[in-house]
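In: need coordinates for the below:
(one chain, ligands or ions: 2)
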Amino acid sequence: MNREKNKPHAAEFPGFRPTHILLHYDEIALKGKNRIGFEKCLSASVKRALRGAGPLAVHRAYGRHIVELDESADREVCSRRLRRIFGLAAFTPVVRLPCDLDALESYLDSLLEGASPRSFAIACRRANKSLPFTSVDVNRRLGARVEALTGWPVRIGRPDLTIHVHLIDEHAYIGLERIQGPGGLPAGSTGRVVCLLSGGIDSPVAAHHVLRRGASAIFVHFHSAPHTSEASLEKVRELIRRILPHGHRARLYLVPFAGTQHRIIARCPAPLRVVLYRRFMLRAAEAIARREGALATVTGESLGQVASQTLENLGAIDRAAQLPVLRPLIGLHKAHIVDEARRIGTFDISIEPHDDCCSYLMPSQPATRSTPEQLDAAEQPLDVASEVETLLAEAAVETVDGGD
Ligand code: ATP
Ligand code: MG
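Out: Ligands and ions are numbered 1, 2, ... in the order given. I've put the predicted structure just below:
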């Protein structure tokens with residue numbers, strides 16, 4: 001999926017059995033004095049994700065991490081899980097050899113024998129500056145060897161096959177593909193947020209975006225049982241499994257919302273209902289944030305997408321909040337959000353039919369331009385603090401694990 005376009009898969013070279021995986025990061029490398037903390041978070045995240053895929057060790061070396069694979073480690077499973085590790089810009093499965101050009105040549109001889117013709121390039125990176133040869137020397141010498149052996153043409157720009165050579169300490173690491181990761185910052189490196197997760201398309205994408213920025217998430221979902229079904233809760237759990245990397249877990253608050261909705265419907269003007277639902281959701285999410293030590297809430301709102309997401313309504317919703325409300329999708333088109341949902345693997349779950357607590361008892365003419373004063377007045381017949389207390393008291397809390 002994330003493989004470089006037109007690049008061969010390592011599986012086309014049956015003799016290639018990686019002993020290690022090199023992990024590359026981009027943004028963490030720019031972190032100056034704080035870099036070590038980010039690197040530790042990444043290490044911990046990688047170790048958690050790869051647990052159970054074979055006994056492994058993860059070392060740090062020269063601005064990258066090196067995962068050591070046990071003979072029994074499942075290479076495919078490791079690659080699949082690493083593709084979802086936030087903070088990883090890319091990774092390269094590699095074979096470790098002595099840092100010796102003769103040894104590299106004879107390894108390539110055996111590896112490439114019988115492989116189908118293609119243009120190629122050698123891409124050497126030298127972390128060990130004390131070696132008696134440069135990366136250009138390596139490119140030239142190994143390039144000439146492969147050319148002589150196979151007759152393949154060298155192509156520097158967009159070759160069919162790039163043979164990656166990394167020289168680190170006393171070792172050389174050879175890889176055949178650089179696989180993209182999600183990039184961003186490692187899980188847990190930037191703080192805790194509460195993500196409001198409906199069963200729809202947008203909120204899982206919003207949650208993904210903040211997780212990719214290194215946040216760790218507490219999820220909250222409001223349901224209207226018995227008017228909404230158990231299946232809609234299972235859908236939310238499945239969305240979380242797809243958002244979280246393997247080996248990571250998050251708490252999910254399932255909050256019964258029907259009581260609050262009924263009181264809003266009975267006592268407040270119908271056109272303001274949806275915006276009032278949102279204000280109570282946000283207040284309850286903030287109460288959860290305070291309990292969990294989270295510093296912001298996250299929603300999937302996007303400007304003008306529906307009646308409750310006009311600037312006026314978003315502003316009126318925010319007036320009920322104390323903490324920052326993060327809206328990562330605010331400026332994105334729906335088509336873009338759908339593409340993202342497909343890419344991160346939540347789309348097919350989000351479009352499964354489900355009962356949404358807000359479409360249930362939707363007013364026919366929702367207000368598009370409410371004001372905070374109007375909403376404050378509309379809430380007069382309700383006891384706001386005790387509504388929020390009840391929502392929290394009735395919440396069921398569970399833990400959901402990242403999927404594989
Ligand atoms: P989504 O696709 O995420 O459902 P939407 O475009 O349908 O979003 P709304 O239904 O107006 O928009 O919801 C706006 C945001 O409010 C959602 O993105 C989500 O963050 C939050 N939200 C809505 N309903 C719920 C719910 N039942 N539980 C938790 N959060 C919700
Ligand atoms: Mg929705």
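
In: list the buried residues in stretch 256-275.
Out: By 16 or more other CB atoms under 10 Å, the buried positions in stretch 256-275 come out as 256-258, 260-261, 263-264, 268, 271-275. All C-beta spots, glycine's among them, are computed from the backbone N, C-alpha and C.

In: just how off-centre is stretch 56-74 within its chain?
Out: Stretch 56-74 has its C-alpha centroid displaced from the chain centroid by 21 Å (CA atoms, centre = their mean, to the nearest Å).

In: buried residues in it?
Out: Result for stretch 56-74 [16+ other CB under 10 Å]: buried residues 56, 58, 64-67, 69, 73.

In: do the same with stretch 299-312
Out: Neighbour-count burial for stretch 299-312 [16+ other CB under 10 Å]: 299-302, 305, 307-310.

In: of those residues, which one scores lowest on pLDDT?
Out: Per-residue confidence across those is lowest for residue 307, with 79 (pLDDT).

In: go ahead and confirm it touches residue 368.
Out: Yes. Between residue 307 and residue 368 there is a contact under CB atoms under 8 Å: 4.9 Å.

In: re the thing from before, ligand 1: which of the buried residues of stretch 299-312 is nearest?
Out: residue 300 (2.6 Å; CB to the nearest ligand atom).

In: got a list of what that closest one touches?
Out: Contacts here follow CB atoms under 8 Å, 6 or more residues apart in numbering; on that basis residue 300 touches 196, 198, 200-207, 327, 329.

In: likewise residue 267?
Out: For residue 267, the contact set (CB under 8 Å, 6+ apart) comprises 381-382.

In: at 6 Å what do you get?
Out: Neighbouring residues of residue 267 by CB atoms under 6 Å, 6 or more residues apart in numbering: residue 381.

In: hang on, the earlier thing: reformat the buried residues of stretch 299-312 as TSV; add secondary structure.
Out: Listed next are these as TSV, based on DSSP: H, G, I helix; E, B strand; the rest coil:
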residue	secondary structure
299	coil
300	coil
301	coil
302	coil
305	coil
307	helix
308	helix
309	helix
310	coil
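
In: and whichever residue of the stretch 301-404 of the chain sits closest to ligand 2, how many neighbours?
Out: Distances between the stretch 301-404 of the chain and ligand 2 by CB to the ion are smallest at residue 356, namely 5.7 Å. Using other CB atoms under 10 Å, residue 356 has 16 other residues around it.

In: pLDDT value on it, please?
Out: For residue 356, pLDDT reads 75.

In: that one and residue 341: what is the separation?
Out: Distance, residue 356 to residue 341, using CB to CB, to the nearest Å: 16 Å.

In: could you do residue 372 as well?
Out: Taken as CB to CB, the span from residue 372 to residue 341 is 32 Å.
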